[in-house]
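> here is my input; please provide its structure:
(one chain, ligands or ions: 4)
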Amino acid sequence: MQGGQLIVEENTKLSSVLTPSKPGYIQSLTKIVGTLGPNSRSIEVIEACLKAGMSVARFDFSWLDGDYHQETLENLRMAMKNTRKLCAIMLDTTGPELQVCNKTGNPIDFKADSHVTVTSDLSKEFCAEVLPVDYADLAKMVRKGDTVYLGQHLFTGHETTSVWLEVLETKGQDVICLVKNSATLAGSMFTVYVSNVPINLPTLTEHDKQVISKWGSRNNIDFISLSYTCHAEDVKELRDFLKKQNLSETQIYAKVETVEGLKHFDEILQEADGIIFGRGNLGIDLPPEKVFLFQKYAVDKCNIVGKPVVITRVVDSMTGNLRPTRAEATDVANAVLDGADGIMLGAETLRGLYPVESIKIVGKICAEAEKVYNYTLHFKRIIKHVEEPMSYAESVASSAVRSAVKVNAAIIVVFTSSGRAARLIAKYRPHVPVVAIVTPRLQANSLKWTFSGAAQARQLLGVRGVYPILGSPDDVVSGSSSEEPGLRLAIKHGRSVGLLKSSDRIVVFQKIGDSAVVKIVEVEGQLLA
Ligand SMILES: Nc1ncnc2c1ncn2[C@@H]1O[C@H](COP(=O)(O)OP(=O)(O)O)[C@@H](O)[C@H]1O
Ligand SMILES: C=C(OP(=O)(O)O)C(=O)O
Ligand SMILES: [K+]
Ligand SMILES: [Mg+2]
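Ligands and ions are numbered 1, 2, ... in the order given. Modelled structure (predicted):
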């Protein structure tokens, strides 16, 4: 296990600590997933989020319903149009999550050392003494000494907006608990999490299936974040379900956020398209001193197979503050140095006071960490795990990344239809942006012709360092295999956004028929090699 890949000797000069960073078109190669909700759903705020660097929008169905999320999504679409920035759509399932409703919505104060009864009797009213939970078997599942957390995204009992309880005893359908911290719960709904107690509900619930078949299908979603993934079977089941819903292109990011998921991490990774390392829940399921270890293990495994891994819960304190804590800021950088592809913001953007600033500051920290990332070490570590003889594509893709270093290229351009070629390049972690020209593919069923490509392009927004551009279907229709239009498009785009200037070098990776080639061009069009 590696991680903490920093080139101290070569790149880290003390003076660079004092030199202000210049913001570029690309805020960071690391991708930022923002959860959209009450404080981040107006067109104006979403536009600012996109400009700040959010490239995947998460719709968390633990909170609010399809109609609410639909309105937010329409605003996102408008914001994309206005800013001309593409953003992928991620549906986050509720899964076997327990919830408490506060029908009156009045804030309720909990006092440390008082007692509270968590009950499955839903006829009871939510108050400081009684918490009615929508799960009949709770009293059967918990034991004396277990820990129960209650909150809205944040729930460690450290914040004054979440409560931490210790189970004292169970009586019938009631669980009597000791309140461990004083807090005020304001809002109408809270999620309940019992640390280390597997809830006997399926990972993909009937409610999730309904949401996917209605909201997911209507919006042709790019990603599903499968909450509380425990086994590879969970991913397979979702994959089968997606096929039946005509959503077979939707990618599955398994959210690993329990000890059960940890135990089956390797098999889950084989089945999933990406991993979300859910530290919100894991951070309370695992002893605090163990969380970093699993993070390093998980990120390393994802890097080796070239699947994106997204780290969650990085700047909790920014939910209410304009600056992260020192520990949070350092943690974001360390996640990048571990090899994370993306950072996910939850409460910070959903209900936090500073959604845009949270994205900006996380992007800035990521960008700084990327400057000192040890790309050479990463490359060596990845290639060591690839069996020989390699596939031609893998061999040429890795060479493209090395060439980009050797010729000091400004960008790598890759042509892809499925996104596979771009992912292969990203696996070798280039130090420069990868512009992926997604070539549409003509598909026919007995009734109509359609082009695939838009979803594949948006899905690349989840891959570290990759910036997709939709190629023109005209090239495909006319059967043109000429490289010119696509490359010209990449250069034009690169120049217009300031990624490229005259005489910059570009490494191009493309597959033509069965062969894969890498070539180096100069921006003015002159071939170097
Ligand atoms: N210079 C180019 N201009 C336009 N299309 C290209 C160029 N080079 C390759 N292509 C096309 O891009 C597509 C990418 O190849 P493909 O095997 O589909 O990649 P992947 O496995 O990533 O989906 C192919 O259809 C190929 O013909
Ligand atoms: C992202 C997480 O979960 P949630 O969907 O509850 O935010 C997490 O546990 O880190
Ligand atoms: K969720
Ligand atoms: Mg969670």
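> confirm that residue 191 sits in a helix.
No. Under DSSP: H, G, I helix; E, B strand; the rest coil, residue 191 sits outside any helix and is assigned strand.
> center of the chain, which residue is that?
residue 310 (4.4 Å; C-alpha atoms, centre = their mean).
> so that residue sits right up against residue 275, yeah?
Yes. With contact defined as C-beta atoms under 8 Å, residue 310 and residue 275 form a contacting pair (7.1 Å). Placement of C-beta: from N, CA and C, glycine included.
> what is in contact with these two at once?
residue 253 (C-beta atoms under 8 Å, 6 or more residues apart in numbering).
> so what's the residue of the stretch 401-529 of the chain at minimum distance from ligand 2 up against?
Of all residues in the stretch 401-529 of the chain, the one sitting closest to ligand 2 is residue 462 (14.9 Å; C-beta to the nearest ligand atom). The contact partners of residue 462, taken as C-beta under 8 Å, 6+ apart, are 31, 33, 55-56, 88, 222-223, 251, 253, 274, 308, 310, 341-342.
> cool, residue 350 as well?
35-40, 60, 63, 153.
> can you list the residues of this structure near ligand 3?
Within reach of ligand 3 by C-beta under 5 Å from the ion, the chain has these residues: 60, 62, 92, 227.
> model confidence for the spatially closest residue to the second one that is not a sequence neighbour, exactly?
Going back to what we said before, that points to residue 62. Counting by C-beta to C-beta, 6 or more residues apart in numbering, the nearest residue to residue 62 once its immediate chain neighbours are dropped is residue 94, at 4.8 Å. Looking at residue 94, its pLDDT is 95.
> now residue 470
Reported pLDDT for residue 470: 89.
> what's opposite it in the beta bridge?
residue 438 (DSSP bridges).
> now for the contacts of residue 462, which pair is the farthest apart?
Longest distance between any two of the contacts of residue 462 is 15.2 Å, between 222 and 341; criterion C-beta to C-beta.
> now do the closest residue to residue 264 other than its chain neighbours against ligand 1, distance only.
Leaving aside its sequence neighbours, residue 264 sits nearest to residue 231 (C-beta to C-beta, 6+ apart; 5.1 Å). Applying C-beta to the nearest ligand atom, to the nearest Å, the value for residue 231 to ligand 1 is 29 Å.
> same question for residue 220.
In terms of C-beta to the nearest ligand atom, residue 220 sits 19 Å off from ligand 1.
> apart from its neighbours in sequence, what residue is nearest that residue?
Going by C-beta to C-beta, 6+ apart, residue 220 has residue 455 as its nearest residue, at 6.8 Å.
> quick one: mean pLDDT for the one helix or strand the one you found maps to?
Assessed by DSSP states H and E, residue 455 sits inside helix 454-459. Mean pLDDT, helix 454-459: 96.
> use 71 as the first number from now on
Got it, the first residue is 71 from now on, which makes the last one we talked about helix 524-529.
> the closest residue to ligand 3 within the chain and ligand 2, how far apart?
Residue of the chain nearest ligand 3, by C-beta to the ion: residue 132 (3.7 Å). Counting by C-beta to the nearest ligand atom, the gap from residue 132 to ligand 2 is 6 Å.
> can you count the residues close to that residue?
Neighbourhood size, residue 132 [other C-beta atoms under 10 Å]: 15.
> for residue 185, same thing?
So residue 185, with other C-beta under 10 Å, has 13 neighbours.
> can you pull up the bridge partners for it?
residue 248.
> contact partners for it?
Counting by C-beta under 8 Å, 6+ apart, residue 185 has contacts 199, 238, 246-249.
> where are the low-confidence patches of the protein?
Applying pLDDT under 70 to the chain picks out residues 71-83, 226-229, 543-553, 595-599.
> what residues does it put near ligand 2?
Counting by C-beta under 6 Å from any ligand atom, the residues of the chain close to ligand 2 are 130, 132, 162, 223, 297, 327, 348-351, 382-383, 416.
> residue 284 reaches residue 139, doesn't it?
No. Residue 284 lies out of contact with residue 139 (C-beta under 8 Å); the separation is 10.9 Å.
> who has more neighbours out of the two?
More crowded of residue 284 and residue 139, by other C-beta under 10 Å: residue 139, with 23 against 13.
> list only buried entries from the residues of the chain next to ligand 3.
130, 162, 297 (16 or more other C-beta atoms under 10 Å).
> with adjacent residues omitted, what lies nearest to the last one?
Here the nearest residue to residue 297 in space, its sequence neighbours aside, is residue 165; by C-beta to C-beta, 6+ apart that works out to 3.6 Å.
> that neighbour and residue 132, how far apart?
8 Å (C-beta to C-beta, to the nearest Å).
> quick one: common contacting residues for those two?
Joint contacts of residue 165 and residue 132 (C-beta under 8 Å, 6+ apart) are residue 297.
> helices of the stretch 371-520 of the chain, start to end?
Here the stretch 371-520 of the chain has its helices, by DSSP state H, counting those that start in this stretch, at 396-408, 417-420, 425-441, 445-453, 462-476, 490-497.
> any idea which of those is most buried?
helix 417-420 (a mean of 27; mean count of other C-beta atoms under 10 Å).
> chain center to that helix: distance?
14 Å (C-alpha atoms, centre = their mean, to the nearest Å).
> now check that helix, is it near ligand 4?
No. On the criterion C-beta under 5 Å from the ion, helix 417-420 is out of touch with ligand 4, staying 11.0 Å away.
> got the CA positions of that helix in CSV?
Listed next in CSV are the C-alpha coordinates belonging to helix 417-420 (Å, rounded to 0.1, in the frame of the first residue of the first chain):
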residue,chain,number,x,y,z
ALA,A,417,-24.2,18.8,3.8
GLU,A,418,-21.7,21.5,2.7
THR,A,419,-23.5,22.1,-0.6
LEU,A,420,-27.0,20.7,0.2
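> residue 266 contacts residue 330, correct?
No. At 9.0 Å, residue 266 and residue 330 do not qualify as touching, with contact defined as C-beta under 8 Å.
> out of the two, which sits in the more crowded spot?
Neighbour count, other C-beta under 10 Å: between residue 266 and residue 330, residue 330 has more, with 16 against 13.
> all good on my end, thank you.
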